[in-house]
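Asker: would you be able to build a 3D model of this:
(2 chains)
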Amino acid sequence: MLRLATWNVNSVRSRLDRVIDWLDRSDIDVLALQETKCRDDQFPYDRFDAAGYEVAHAGINQWNGVAIASRVGLEDVQIAFDGQPGFDRDAADTLFAEPVVDSRAIAATCGGVRVWSLYVPNGRAVTDPHFEYKLDWLARLHDNAEKWLVDNPAAQIALVGDWNIAPTDDDVWSVEYFADKTHTTPQERAAFDAFVTTGFSDVVRPYAPGPGVFTYWDYTRLRFPRKEGMKIDFVLASPALAARATAALIDREERKGTGASDHAPVVVEFE
DNA sequence: ATGACGGCAAAATGCCGA
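Answerer: As a prediction, this is how the structure comes out:
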């Protein structure tokens, strides 16, 4: 049995008490974190250690940042996937003349499962260079995922995190609102569907069907109390791992109250 | 039409998020 969770925490330091409290009561074996928003030397390893979790973290600045916390082993850590694209923040700024490979992907083998904690680029706007970066990033990740399954069709792989894509119309509170925005475009949905075609499946959706079932709610405009959210955080499991899924939930309670992340944790149980 | 809220830092405004 393995209980695996993923959570975009929107700063692990400002959310630390909430994250540790949640771990203490949620019986989680492996937690993938996104948007830790800190460098490695700023990560609060001690609090996770005290709670019984080893942590592998990747963070180079105040943006992005991904981690895996595990109480069932943490082996073969890999930061970034092969060929992970970088983003040129400002081609005219010599400080960032070289594209920066963001801290958006980290992997570790935990309890026999190869877990990838992923923070897919936002895309910002369809006309923004960040949108092409997002599509390229997903395509290069897919190249890797396809190869992993070709190399070993029985591989137990979990691609988890903030995908920044709403794969179906049920996954946004308003199709009209997102019509001219990122997250619902045909290109992004095709990029997501490519993983499904390759054999990875959303193991949460059968246990948390929509419409109106979300993992993210904007802090502004009373989006949470108005139930106006998006389903953009996913656990995609390889065929061998998906066959082991027995339960899943989106912990909407954790979005409540002061000091909440704008994302809820997502939990899957494997037999 | 725009901003909202929230986090971070070479911080008191700008960048980023979705």
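Asker: around DNA strand B, pick out the residues from chain A.
Answerer: Where chain A comes near DNA strand B, counting by CB under 7 Å from any atom of the strand, the residues are A:8, A:10-11, A:13-14, A:35, A:37-39, A:42, A:62-63, A:89, A:95, A:121-122, A:124, A:130, A:162, A:164, A:182-183, A:216, A:218-221, A:230, A:232, A:258-259, A:262-263. C-beta here means a position set from N, CA and C on the backbone, and glycine is covered the same way.
Asker: for chain A, give me the ranges with low pLDDT.
Answerer: Low-confidence segments of chain A (pLDDT under 70): A:90-97.
Asker: longest helix in it, please.
Answerer: With secondary structure taken from DSSP state H, chain A has its longest helix at helix A:129-151.
Asker: returning to what we had before: can you flag which of the residues of chain A next to DNA strand B belong to helices?
Answerer: Here DSSP H is the test, and these give residue A:130 as lying in helices.
Asker: OK, contacts around residue A:44?
Answerer: With contacts defined as CB atoms under 8 Å, 6 or more residues apart in numbering, the neighbours of residue A:44 are A:12, A:13, A:16.
Asker: roughly how far apart are it and residue A:33?
Answerer: In this view, residue A:44 and residue A:33 are 11 Å apart by CB to CB, to the nearest Å.
Asker: the residue nearest to residue A:11 when sequence neighbours are not counted: neighbour count?
Answerer: Excluding the flanking residues, the one nearest residue A:11 by CB to CB, 6 or more residues apart in numbering is residue A:37, at 4.3 Å. Residue A:37 has 20 neighbouring residues, counting by other CB atoms under 10 Å.
Asker: ramachandran angles for residue A:37?
Answerer: Torsion angles at residue A:37 (phi, psi; degrees, to the nearest 10) stand at phi 60, psi 40.
Asker: residue A:83 too?
Answerer: phi 80, psi 20.
Asker: chain neighbours aside, what residue packs nearest to the most centrally placed residue in chain A?
Answerer: Closest to where the C-alpha atoms of chain A average out (CA atoms, centre = their mean) is residue A:161, at 1.2 Å. Leaving aside its sequence neighbours, residue A:161 sits nearest to residue A:118 (CB to CB, 6+ apart; 3.6 Å).
Asker: quick one: the one you found from DNA strand B, how far?
Answerer: Distance of residue A:118 to DNA strand B, given as CB to the nearest atom of the strand, to the nearest Å: 12 Å.
Asker: now for that residue: which residues touch it?
Answerer: Applying CB under 8 Å, 6+ apart to residue A:118 gives the contacts A:32, A:34, A:66, A:104, A:105, A:141, A:159, A:160, A:161, A:162, A:163.
Asker: likewise for residue A:77?
Answerer: A:56, A:68, A:106, A:107, A:108.
Asker: and which of these is nearest DNA strand B?
Answerer: residue A:106 (16.7 Å; CB to the nearest atom of the strand).
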